[in-house]
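In: predicted structure and sequence below. I'll ask about it afterward.
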Amino acid sequence: MKKLIYSLILIFCSITIAQAGGDPIKKFYRKYKKRDQVRNIALPGVLTQTCVVIANIFVRDKETKAVLKLARKAKGIRVLVDEGHQVPKSAGKALIRDLRQKNNMEQLVTVRADGNYTVIMGQIKGKKIKKIVVLNFSEDEFAMVAVKSRIKVKDINKMIKVFQRKKRKEERKQKKAEEKQKEPMA
């Protein structure tokens with residue numbers, strides 16, 4: 001009986017210690033959300049999915065429906081926008097480092113252009129993307145979008161194919177219009 005109690009205590013302590021580190025996104029969000037000139041919103045998954053279902057009723061084009069199909073798989077969204085230099089760049093870079101180390105997130109895309117620095121990170125388990133974090137740094141603004149999801153890689157590929165088909169269709173239409181303009185008038 002003592003062994004059982006000791007093992008339960010050990011398991012409870014290890015769970016508590018593991019949770020003490022916490023989610024870096026949650027810590028960052030809670031730290032900066034109440035500051036002046038910082039806008040934030042946290043949407044639970046139920047609300048996100050409800051909004052997607054309602055939007056799906058009014059949407060007709062295939063591209064938007066493909067995006068809404070992906071959005072339906074979002075469990076929760078957190079958005080934090082700083083317009084008044086309340087979030088230092090060093091804090092954002094520390095968040096990137098913590099996401100890599102503590103959450104095992106990979107840097108998927110990094111873009112540097114015109115004084116803007118954008119990082120897209122993802123936590124991929126198996127064939128699903130569990131978390132997506134987009135961080136954008138500029139000279140006068142900082143933005144973070146964190147999404148918990150259950151998006152499959154094949155769903156993203158389907159959405160990309162839908163957009164590629166639309167682009168090819170537009171290119172063919174434009175080519176036909178150019179050919180029609182080149183024809184001599186009789």
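Out: Arrived safely. None of the values given here were measured: they were computed from a predicted structure.

In: and stretch 111-120, what's its mean pLDDT?
Out: Mean pLDDT, stretch 111-120: 85.

In: what's it in contact with?
Out: With Cβ atoms under 8 Å, 6 or more residues apart in numbering as the contact definition, stretch 111-120 has outside contacts at 96, 107-110, 132-139. C-beta: built from backbone N, CA, C; applies to glycine.

In: start and end of it, how far apart?
Out: Stretch 111-120 has its terminal residues 9 Å apart, counting by Cα to Cα, to the nearest Å.

In: pull out the buried residues from it.
Out: 119-120 (16 or more other Cβ atoms under 10 Å).

In: ditto for stretch 155-171
Out: Buried residues in stretch 155-171, counting neighbours by 16+ other Cβ under 10 Å, are found at 155, 159, 162.

In: tell me the phi and psi of the second one?
Out: Torsion angles at M159 (phi, psi; degrees, to the nearest 10) stand at phi -60, psi -40.

In: now it: closest residue in space that isn't a chain neighbour?
Out: A66 (4.4 Å; Cβ to Cβ, 6 or more residues apart in numbering).

In: could you report the neighbour count for the one you found?
Out: The number of residues packed near A66 is 19, by other Cβ atoms under 10 Å.

In: helix or strand: which one has it?
Out: helix 62-71 (DSSP states H and E).

In: counting contacts, what elements does that helix pack onto?
Out: Applying 3 or more Cβ pairs under 8 Å, 6 or more residues apart in numbering; DSSP states H and E, one finds that helix 62-71 contacts helix 45-58, helix 153-182.
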